[in-house]
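Participant: quick one: sequence plus predicted model below, questions after.
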Amino acid sequence: MDTGTGAVPVGPAGVVVVSGTGTEIGKTVVTSAIAAAAVAAGRSVAVLKPAQTGVAPGEPGDAAEVARLAGAGVTTLELARYPEPLAPDTAARRSGLAPVTPAEVAEAAEKLAAEHDLVLVEGAGGLLVRFDAAGHTLADAARLLGAPVLVVAPAGLGTLNSAALTAEALRARELTGLGIVVGSWPGAPDLASRCNLADLPAVSGLPLIGAVPQGSGSLDPASFRTAAPSWLAPALGGGWSAERFLRAWA
């Protein structure tokens, strides 16, 4: 595992878990940006999607989107796929397919980590979305791996409560929160979004370590890869500065 200057801080297995405060908030684009920045720095990267929901067989899922944006050199692996856009436990139950377990996630991530400098595990929805009927979640997989968790949050009104709850859940499970990335920063942010730049770290106790511009996933892949490091703090392999960003927008 590469631990040189600029490397993303990882757990013992070389893994970072990417979770969020909810769904449709930019986790896949943030995962793609981290992967692109790491590849640009010369690191080998794998992305693991434990449970893909709402995508039919043969259709591209989140892992395929990461490969499209970050580059075909990124290894991707999807463990389970369920056709309905529901929580993994519900989607598995309704489809009659087997649920994915935290042990399976940890085993797959560790195998990928043996051959890559960085493994990004992208969850479905929030940290405590259920994988199975026993109530296992992405947090359980992170604990098995000893991996830090990156929290992706939306910019606007309502994000403070969900970020605080997610951070509280991490602490209650003795998991390390790597920081918060705003998954879709608007071009014309409203008052709540601008205030949240300072308030998100205050309520969560986690540093703000990135902001991905709204619509970045629509960029052509070459432009995305070039720009990605500018959206991420040094902790994620980029050159973004929270202090400069707050001065510009707060």
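Facilitator: Here it is on my side, so go on. Quick caveat: nothing in here was measured; it's all calculated off a predicted structure.

Participant: drop to CA atoms for contacts and neighbour counts, all remaining ones
Facilitator: Will do.

Participant: show me where the protein has helices.
Facilitator: 27-40, 62-70, 88-95, 102-113, 138-145, 159-172, 191-204, 221-227, 242-249 (DSSP state H).

Participant: I'd like the distance from the shortest one to the chain centre, please.
Facilitator: Here helix 221-227 is found 18 Å from its chain centre; the criterion is C-alpha atoms, centre = their mean, to the nearest Å.

Participant: so which elements touch it?
Facilitator: With contacts taken as 3 or more C-alpha pairs under 8 Å, 6 or more residues apart in numbering; DSSP states H and E, helix 221-227 sits against helix 27-40, helix 62-70.

Participant: now stretch 234-250: buried residues?
Facilitator: For stretch 234-250, the neighbour count (16 or more other C-alpha atoms under 10 Å) marks 234, 235, 236, 237, 238, 239, 240, 241, 242 as buried.

Participant: these: which two are farthest apart?
Facilitator: Across the buried residues of stretch 234-250, the longest distance by C-alpha to C-alpha is 14.0 Å; it joins 237 and 242.

Participant: of the buried residues of stretch 234-250, which is the nearest to residue 94?
Facilitator: Of all the buried residues of stretch 234-250, residue 94 sits closest to residue 236, with 37.4 Å by C-alpha to C-alpha.

Participant: so which of the helices and strands packed on helix 221-227 is nearest residue 119?
Facilitator: The nearest among the helices and strands packed on helix 221-227, by C-alpha to C-alpha, is helix 27-40 at 8.9 Å.

Participant: so the closest one versus helix 62-70, what angle?
Facilitator: Here helix 27-40 runs at 50 degrees with respect to helix 62-70, directions being taken by axes from the mean of the first three to the mean of the last three C-alpha atoms, to 10 degrees.

Participant: residues making contact with helix 27-40?
Facilitator: Here helix 27-40 makes contact (C-alpha atoms under 8 Å, 6 or more residues apart in numbering) with 7-8, 18-20, 44-47, 62, 65-67, 69-71, 74, 118, 120, 122, 152, 181, 183, 212, 216-217, 224-225, 228-229, 231-232, 236-238.

Participant: what residue ranges in the protein score low on pLDDT?
Facilitator: Scanning the chain for pLDDT under 70 picks out the ranges 1-7, 9-13.

Participant: and the residue of it most remote from its centre, what does it touch?
Facilitator: Within the chain, the residue lying farthest from the chain centre (C-alpha atoms, centre = their mean) is residue 96, at 27.7 Å. Listed by C-alpha under 8 Å, 6+ apart, residue 96 has no contact partners.

Participant: distance check, it against residue 105.
Facilitator: Separation of residue 96 from residue 105 (C-alpha to C-alpha, to the nearest Å): 20 Å.

Participant: number of nearby residues for the closest residue to residue 203 other than its chain neighbours?
Facilitator: Counting by C-alpha to C-alpha, 6 or more residues apart in numbering, residue 203 lies nearest to residue 164, which is 5.5 Å off, once chain neighbours are set aside. Residue 164 is flanked by 19 other residues according to other C-alpha atoms under 10 Å.

Participant: ok so, going back, for the buried residues of stretch 234-250, which one is nearest residue 138?
Facilitator: Checking the buried residues of stretch 234-250 against residue 138 by C-alpha to C-alpha gives residue 236 as the nearest, at 20.6 Å.

Participant: what about the closest residue to that closest one other than its chain neighbours, neighbour count?
Facilitator: Distance criterion C-alpha to C-alpha, 6+ apart; nearest residue to residue 236, sequence neighbours excluded, is residue 8 at 4.9 Å. Counted with other C-alpha under 10 Å, the neighbours of residue 8 add up to 24.
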